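Trainee: compute the structure for the input listed below.
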Amino acid sequence: MGLSPQSVVLFDAASSANRFIDDFIWVYILLIFVYVLSSWIRVPYSPWIRRIQDFLRDVCEPYLSLFRRILPSFGPLDLSPVVAIIFLVILRQVVDVIFSNV
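Mentor: Modelled structure (predicted):
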C-alpha cells in the first residue's frame, strides 16, 4: 500500500510545522533563561550589552508578565520564569502529540 502524493505532502507539511514549533519553543526557553541570568549579573555599561538586554526584556517580559499576574508574590523570589518554562515544555509535548496523530 503506497501513500498518495497528497498524503505525503500533508505529512511533510505537518512534520515541518511540528519541527518549526519545537524549535521556536526551545529558542524562546533559551531566551528566557538568558534574560533571567542577565538580570542577576551586573556587567559594566556597554552599548552592545545594553541593546542585548533591551532586546531580551522586550521579547520575554510580555510573556512573563502573564504569569506574574497569576502567581502570588513571594517577596524577592520571582517564580514566573520557572512556571513559564514549564508551561512551554508542556505546550511542546501537547503539540508533538497533536502532530503525531496527523
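Trainee: how near is Arg92 to Asn18?
Mentor: Between Arg92 and Asn18 the computed distance is 10 Å (Cβ to Cβ, to the nearest Å). The C-beta positions use only the backbone N, C-alpha and C, and glycine is treated the same way.
Trainee: contacts for stretch 18-36, please.
Mentor: 56-57, 59-60, 63-64, 81, 84-85, 88-89, 91-92, 95-96, 99 (Cβ atoms under 8 Å, 6 or more residues apart in numbering).
Trainee: make it 10 Å
Mentor: 52-53, 55-57, 59-61, 63-64, 78, 80-82, 84-85, 88-89, 91-93, 95-96, 98-100, 102 (Cβ atoms under 10 Å, 6 or more residues apart in numbering).
Trainee: and what of stretch 60-75?
Mentor: For stretch 60-75, the surrounding residues in contact (Cβ under 10 Å, 6+ apart) are 28, 31-36, 38-39, 57, 78-88.
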